[in-house]
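Colleague: what's the 3D shape of this:
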Amino acid sequence: MRIVGMRGTRIFPALRHTHDDFMRMMPILLFGTIIASIMRTGLSSLTSESNRLDDASAIVLILVAMGLAFLCSLCSTSDAVIAASMTGVLPVSAMLAFLIFGAVLLFVLTIAAWLGLFHTTERASLRASLRLLVALIIPALLIAVPFQPISGSGGFDEYAGGRAIAIPRSSHKPEGASQLHGLDAAKKTITISDDEFGSWFEQIDHNPQRYVDYHVRVTGFVSKSRTFDADEFELSRQFMSCCILDMSPFGFMASSGKTGTLHNHDWVSVDAVIKQGRYGSAGHERQGLILRVQSVSKAATAPNGYFYWQ
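Modeller: Numbers count the residues shown, from 1 in each chain. Sure, this is the predicted structure:
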């Protein structure tokens, strides 16, 4: 009986503490949700394609993001969740400043508290805090400002936009082609729509022999590398594997047969034939599928959105 009683006395206090913590956290959660919704609504018009940010506005948003990081004082994991929720609303430079400033601020404050630097008079403590903030803000600005894309340069935000496009897990399977559009097996042609770029890439990449000698029409941006020959490029879109800050290009290797006509980050539409072959510069040769471009033209509009695994 004593054992049962002891268990009971432990369970009910635990439930009471859980209830108290829940009631304390709910107003904070609801208030944060309201603030986030207001920010997304108010800032979305600033970052639209028709109203691209200038340098002054970008710096203001960077400072706002740093101020938000200071007010929130959250852990880095929570900061990453907040930054991801602002995809397509804040420029990547502002989100980077938010993540860097928040993490460094917490680290520095922890060291300062451990060393007892804040056990001084109120005025001296205020001066020390201001010096600390200035010392943190300047490096964060120097790191984040270069990430602000120049208007029309084809930067990160132009590629990613705010729309997430899922790649079904079954896309790589041979039978996955039946769920995709644009395939004409009789004529051996594939017209890849903007939203099926990722799914078709998986399908073709995992079933290479099935699509050799097919004619394909697809749109993407030019991504060049030092490991490519002068006439080679990757026809790319953006892929997010974990969070927005790890977004990277992926796509079809292509050879245009011309040098100097295509520039990095140009959005283009290509007509090409899928071939097996070697590609890459000397010392970086690889074997695989490559698009032998027959014609290429500047894309009328840049596709919106990034891809992720469903």
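Colleague: from here on, contacts and neighbour counts on C-alpha atoms
Modeller: Fine.
Colleague: tell me which element residue 34 falls in.
Modeller: Element membership for residue 34 (DSSP states H and E) is helix 2-44.
Colleague: I'd like the next helix or strand past that helix.
Modeller: Assigned by DSSP H and E, the successor of helix 2-44 is helix 55-72.
Colleague: Now do that following helix: which elements does it pack against?
Modeller: Where contact means 3 or more C-alpha pairs under 8 Å, 6 or more residues apart in numbering; DSSP states H and E, helix 55-72 is packed against helix 92-115, helix 122-144.
Colleague: rank the ones you listed by pLDDT, which is bottom?
Modeller: For the helices and strands packed on helix 55-72, the weakest mean pLDDT is recorded on helix 122-144, namely a mean of 58.
Colleague: List of residues touching the helix or strand hosting residue 289?
Modeller: Residue 289 belongs to strand 286-298 when assigned by DSSP H and E. For strand 286-298, contacts defined as C-alpha atoms under 8 Å, 6 or more residues apart in numbering pick out 205, 208, 212, 252-257, 266-280.
Colleague: now the helix holding residue 34: mean pLDDT?
Modeller: Rounded mean pLDDT across helix 2-44 is 71.
Colleague: quick one: residue 176 and residue 169 touch, right?
Modeller: No - using C-alpha atoms under 8 Å, residue 176 makes no contact with residue 169, being 9.3 Å away.
Colleague: which of those two has more neighbours?
Modeller: A count of neighbours by other C-alpha atoms under 10 Å puts residue 176 above the other of residue 176 and residue 169, at 16 against 12.
Colleague: about what we covered before: flag every buried residue along the strand holding residue 289.
Modeller: Buried residues in strand 286-298, counted by 16 or more other C-alpha atoms under 10 Å: 289-293, 296.
Colleague: If you average the pLDDT over it, what comes out?
Modeller: 91.
Colleague: residue boundaries of the strands in the stretch 201-310 of the chain?
Modeller: Counting by DSSP state E, counting those that start in this stretch, one finds strands in the stretch 201-310 of the chain at the ranges 215-223, 232-239, 248-255, 267-279, 286-298, 306-309.
Colleague: picking up where we left off before, adjacent strands (with direction) for the strand holding residue 289?
Modeller: Here strand 286-298 is paired, per DSSP bridges, with strand 248-255 (parallel), strand 267-279 (antiparallel).
Colleague: Output it in CSV with nothing but the alpha carbons.
Modeller: What follows is strand 286-298, C-alpha atoms only, in CSV (Å, rounded to 0.1, in the frame of the first residue of the first chain):
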residue,chain,number,x,y,z
ARG,A,286,32.8,11.0,-65.6
GLN,A,287,30.5,8.6,-67.4
GLY,A,288,26.8,9.1,-67.5
LEU,A,289,23.8,10.6,-69.2
ILE,A,290,24.2,13.9,-70.9
LEU,A,291,21.9,16.2,-72.9
ARG,A,292,23.3,16.9,-76.3
VAL,A,293,21.7,20.3,-76.9
GLN,A,294,20.3,20.9,-80.3
SER,A,295,18.8,24.4,-79.6
VAL,A,296,18.7,26.7,-76.7
SER,A,297,16.9,29.9,-76.0
LYS,A,298,16.4,32.3,-73.1
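Colleague: Just give the nearest non-adjacent residue to residue 213, would you?
Modeller: Excluding its sequence neighbours, the residue lying closest to residue 213 (C-alpha to C-alpha, 6 or more residues apart in numbering) is residue 274, at 5.1 Å.
Colleague: Contact partners for that neighbour?
Modeller: Applying C-alpha under 8 Å, 6+ apart, the residues near residue 274 are 211-216, 289-292.
Colleague: for these, which one is nearest residue 10?
Modeller: Among the contacts of residue 274, residue 289 lies closest to residue 10 (C-alpha to C-alpha), at 64.3 Å.
Colleague: Quick check: beta-bridge partners of that closest one?
Modeller: Beta bridges link residue 289 to residue 276, judged by DSSP bridges.
Colleague: Could you measure from it over to residue 211?
Modeller: Separation of residue 289 from residue 211 (C-alpha to C-alpha, to the nearest Å) stands at 9 Å.
Colleague: Likewise for residue 294?
Modeller: 17 Å.
Colleague: And for residue 264?
Modeller: 27 Å.
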